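J.: A predicted structure for the sequence below; I have some questions about it.
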Amino acid sequence: MKIAISNDHGGTKLKMSILKYLKGFNYDVINLGTDNNDSVDYPDYAYEVSKLLKDKVIDFGILICGSGIGISIAANRYPHVRAALCNDENSAELSRSHNNANTLVFGGRLIDHDIALKCINKFLNTEFEGGRHIKRVDKLSSPPII
Ligand code: RB5
């Protein structure tokens, strides 16, 4: 499984913990985020992962900014991205089983790091349920024009 992780300066610390955690598994992880605390703009980092998802270079993305909010908004502007900002394992599981989320998002300044790792484990090990959720998920990428 191929994963890309990206972050702004608000997510550097959590990203480092996640990279260390993922090293213990058989995942192919690409680090696209900033590795220091200098101020950068989160939409640029949402773009990087969204592009690789679009090109099918990766299976899943992980995005982190300070709150998780800005980088979620930025990523979800791309129609093929289903980015889920999660704060607990249950949400991470549901984001896969019901929403077929392809990107997991964290607020690096808000979430407990151990909980974030548990969320990742759930997210990467949960399949989309399909069934009644298919037509709803399909509607996400082609909303009515306003
Ligand atoms: C950066 O200070 C912060 O605004 C950003 O990481 C994020 O929280 C935005 O939503």
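T.: All right, it came through fine. Residues are numbered from 1 along each chain as shown.
J.: element containing the residue in the chain positioned nearest to the ligand?
T.: Residue nearest to the ligand within the chain (CB to the nearest ligand atom): residue 70, separated by 2.5 Å. Heads up, the C-betas are built off the backbone N, CA and C, glycines and all. Assigned by DSSP states H and E, residue 70 belongs to helix 69-76.
J.: average pLDDT for that helix?
T.: Helix 69-76 carries an average pLDDT of 98.
J.: packing partners of the helix or strand following it?
T.: For helix 69-76, the following helix or strand on the C-terminal side (DSSP H and E) is strand 83-85. Under the contact definition 3 or more CB pairs under 8 Å, 6 or more residues apart in numbering; DSSP states H and E, strand 83-85 sits against helix 69-76, helix 89-97, strand 103-107.
J.: try 10 Å this time
T.: Judged by 3 or more CB pairs under 10 Å, 6 or more residues apart in numbering; DSSP states H and E, the packing partners of strand 83-85 are helix 42-54, strand 60-65, helix 69-76, helix 89-97, strand 103-107.
J.: where does residue 33 land in three-state SS?
T.: coil (DSSP: H, G, I helix; E, B strand; the rest coil).
J.: noted, bye for now.
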